[in-house]
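A.B. asks: What follows is a predicted protein model with its sequence.
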Amino acid sequence: MPKNFNIIAKLVIALLLINFLGNQYYKRFDLTHDKRYTLKETSKSIVNTIKSPLVVNVYLQGEFPAEFKRLQIETKQFLEELRAENSNLKIKFINPDSFRESLIQKGMIPSNLSVVDENGKLSEEIIFPWAEVVYRNKITLVNLLPNSNAASQEEQLQFAIESLEHVFVSAVYNISRKTRQKIAVISGNGELQDLELYSFLSELKDKYSLAKFTLDSVLKNPQQTLKDLTNFDLAIIAKPTIKFSDNEKLTLDQFITNGGKTLWMIDNVQADQDSLLQTGKMLTYPRDLNLTDLLFSYGVRINTSLVKDLYAAKIPLATGNVGNKTQFQHLPWFFHPLVNANIYHPITKNISPVRLQYTTQIDTLKNNIKKTPLLATSLLSAKMGTPNFVDLRSIADTPNQQQFTSGNQLTAVLLEGAFKSAYKDRVKPFQTSIYKGKSGPNKMVVIADGDIGRNQLLKGKPFDLSRDKWTQETFGNKEFLLNTVDYLLDDNGIINLRNKSLKINLLDKKKAFEERSFWQLFNIVLPLVLLAIFGFIFNYLRKRKYA
């Protein structure tokens, strides 16, 4: 008895010690092959800044397709990792069925899914793949099923799971930060109007402070204009049409060398789509913006040859009348190329094809600047010199593939490094005390299409930049531009979380349907066989023991 007592006492003491150590030291182990539940250091540092309760309401609760049960489970497990990092996070999974209308009014648009059941029948399901982050009386929405270039619903689900860390950490950062970075939307040189940029800018205002900045004041006080511009973190130059003066160019140049980021959306060719649709013919010719030397010093040159591509978006054309009603047909227009994205960069990973309109091509020059291609045409592209006429009747011609042999044409590029001033060792149009001949580490993006951020108007109101109002085709323009701004202004590395890659093992529905009978029989018969074998062995051993 004393011996047994000593063993029991040691076990009790060991259990108490393990319990004590478990309360003092907490550690989670990620045993997955791709470390999907291991938070990046960026995520940990941002989540640990939360000092008061932050509530995450997830509307993935209730009955919905089995595939999206996986999204629910993965979302729950990821949020558990965030809560393990910071106990101030509170998680709630809510069934949205009883208040769908209120969620739609908040901007949570439901997703209509096509679901194939185990019998091969197709059905429609509606889910709300949204979450709501609430912190100190502020609310931000998180889309758990972002748009992508996925070819199937399964691929879209994989991208959604890969994006969980990025979308949630971004939401936590944006809702908790005390100050916002400032963006200047440059005007005064014939840039796009606010209404034409509304779809893009309205998304930016939820994260950043926006202001219109007119360069006209350089005529009166260029030094003060430059000083005011340097108070901004990013400048957006969206399709200027009026030539820049030397004072304006030096202002932009010194904004860059003093650390300002820039997003250039430049049309180097004049092409009027409205004129083409009205008259059937359009004259295209180079547009002199006086920016060539400025961009040349940073390492790029925007050419003046229009790019055509067999992989193109469609435009509506009147093809006849039925009674008094005009009939329209949507036909591919090779001057509106759908360009491919760089799948290895966080700006462009998994975005839908981007539509460009009368774009030109970018050459990169040798210097110390790192150049990363972001958008490029397909191999089946061609260049057309300007000035030249574009005839709408050519849309009816059968394309000759032998004429589309120019290969991939670069249309958007990311530049990173120390930018040399275009006015170094040159006479400056005005003197400034903050002149710098070279910047520190800096970033800019140059796009050879001014219309990439231009949304259409429907009944005088701005239409979503992600869709075409006539054909209802979807594009990646808005997501590309938003990711670009995030990357340029990202000092924490949050945008790099978009590069997370996971291997999601999904059910092969075809194989499961074909082998359904076998596995049903297997799951019914195998337990009975095992039970019979166990009973036989048990009775045999019992008889042998007590015979």
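C.D. replies: Nice, thanks for sending it over.
A.B. asks: where does the stretch 401-547 of the chain dip in pLDDT?
C.D. replies: Applying pLDDT under 70 to the stretch 401-547 of the chain picks out residues 502-516, 547.
A.B. asks: Could you rerun that using 80?
C.D. replies: Along the stretch 401-547 of the chain, segments meeting pLDDT under 80 span 500-522, 538, 542-547.
A.B. asks: So the closest residue in space to Leu89 that isn't next to it in sequence: helix, strand or coil?
C.D. replies: Closest residue in space to Leu89, ignoring its immediate chain neighbours: Arg83 at 4.5 Å, by C-beta to C-beta, 6 or more residues apart in numbering. The C-beta positions use only the backbone N, C-alpha and C, and glycine is treated the same way. Secondary structure, DSSP: H, G, I helix; E, B strand; the rest coil: Arg83 is helix.
A.B. asks: Might you report the residue contacts of Arg83?
C.D. replies: Listed by C-beta atoms under 8 Å, 6 or more residues apart in numbering, the contact partners of Arg83 are 89-91.
A.B. asks: Okay, and which of these map to strands?
C.D. replies: Judged by DSSP state E, those include 89-91 as members of strands.
A.B. asks: What subset of these is buried?
C.D. replies: The neighbour-count criterion (16 or more other C-beta atoms under 10 Å) marks 89, 91 among those as buried.
A.B. asks: Can you lay out the ones in strands among the contacts of Arg83 as a markdown table showing distance to Ile7 and pLDDT?
C.D. replies: Listed next are these as a markdown table, based on distance: C-beta to C-beta, whole Å; pLDDT from 0 to 100:
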| residue | distance to Ile7 | pLDDT |
| --- | --- | --- |
| Leu89 | 44 | 93 |
| Lys90 | 44 | 94 |
| Ile91 | 43 | 93 |
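A.B. asks: Among the ones in strands among the contacts of Arg83, which one lies nearest to Gln61?
C.D. replies: Closest approach between the ones in strands among the contacts of Arg83 and Gln61, by C-beta to C-beta: Ile91, at 11.6 Å.
A.B. asks: hang on, that closest one packs against Glu80?
C.D. replies: Yes. When contacts are counted by C-beta atoms under 8 Å, Ile91 is listed as touching Glu80 (7.5 Å).
A.B. asks: quick one on the thing from earlier: any idea which of the ones in strands among the contacts of Arg83 is closest to Asn268?
C.D. replies: Relative to Asn268, the closest of these is Leu89; by C-beta to C-beta it sits at 49.0 Å.
A.B. asks: how near is the closest one to Asn492?
C.D. replies: According to C-beta to C-beta, to the nearest Å, Leu89 and Asn492 sit 18 Å apart.
A.B. asks: And Phe334, by the same measure?
C.D. replies: Using C-beta to C-beta, Phe334 is found at 41 Å from Asn492.
A.B. asks: For these two, work out which one has more neighbours and name it.
C.D. replies: Phe334 (21 against 15; other C-beta atoms under 10 Å).
A.B. asks: Show me how the protein divides into domains.
C.D. replies: For the chain, automatic domain parsing gives the domain ranges 24-175, 180-270+288-307+338-377+408-491.
A.B. asks: The longest one: end-to-end distance?
C.D. replies: Between the opening and closing residues of domain 180-270+288-307+338-377+408-491 we find a distance of 12 Å, counting by C-alpha to C-alpha, to the nearest Å.
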